[in-house]
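Chemist: Any chance you could fold what I've pasted below:
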Amino acid sequence: MTTKLLNSFDVIEIMVAVAHDQNNSEPYRARYREALNSLVRLVRAEQMLEMQRDFNKLTQFSDTRSHY
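Modeler: Model prediction:
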């Protein structure tokens, strides 16, 4: 049995489908979908910022060691 990895689009569509059961309004589903997409973008931006900070710390440490 192969397990399919879900990407953020798949998860958002599942969440919208679940919300669809509770509220049948297309405008509601569109707003909910957009809010979830915004959340994904925010998380990706935070992750990139954290990676950049880690990289900067690593290169600063490396630079200070190379002078000795």
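
Chemist: mean confidence score for stretch 61-68?
Modeler: For stretch 61-68, the mean per-residue pLDDT is 63.

Chemist: again, but for stretch 38-54
Modeler: 92.

Chemist: ok, and what's touching it?
Modeler: 8, 12 (C-beta atoms under 8 Å, 6 or more residues apart in numbering). Bear in mind the C-beta positions are built from the backbone N, C-alpha and C, glycine included.

Chemist: in it, what counts as buried?
Modeler: Buried positions in stretch 38-54, judged by neighbour count with 16 or more other C-beta atoms under 10 Å: none.

Chemist: so how far is that stretch off the chain centroid?
Modeler: Relative to its parent chain, stretch 38-54 has a centroid offset of 8 Å by C-alpha atoms, centre = their mean, to the nearest Å.

Chemist: got it, and stretch 48-56?
Modeler: With C-alpha atoms, centre = their mean, you get 16 Å for stretch 48-56.

Chemist: and if you look at stretch 3-20?
Modeler: Centroid separation between stretch 3-20 and its chain, computed with C-alpha atoms, centre = their mean, is 13 Å.

Chemist: next one: stretch 44-62
Modeler: So, by C-alpha atoms, centre = their mean, the centroid of stretch 44-62 is 17 Å from its chain's centroid.
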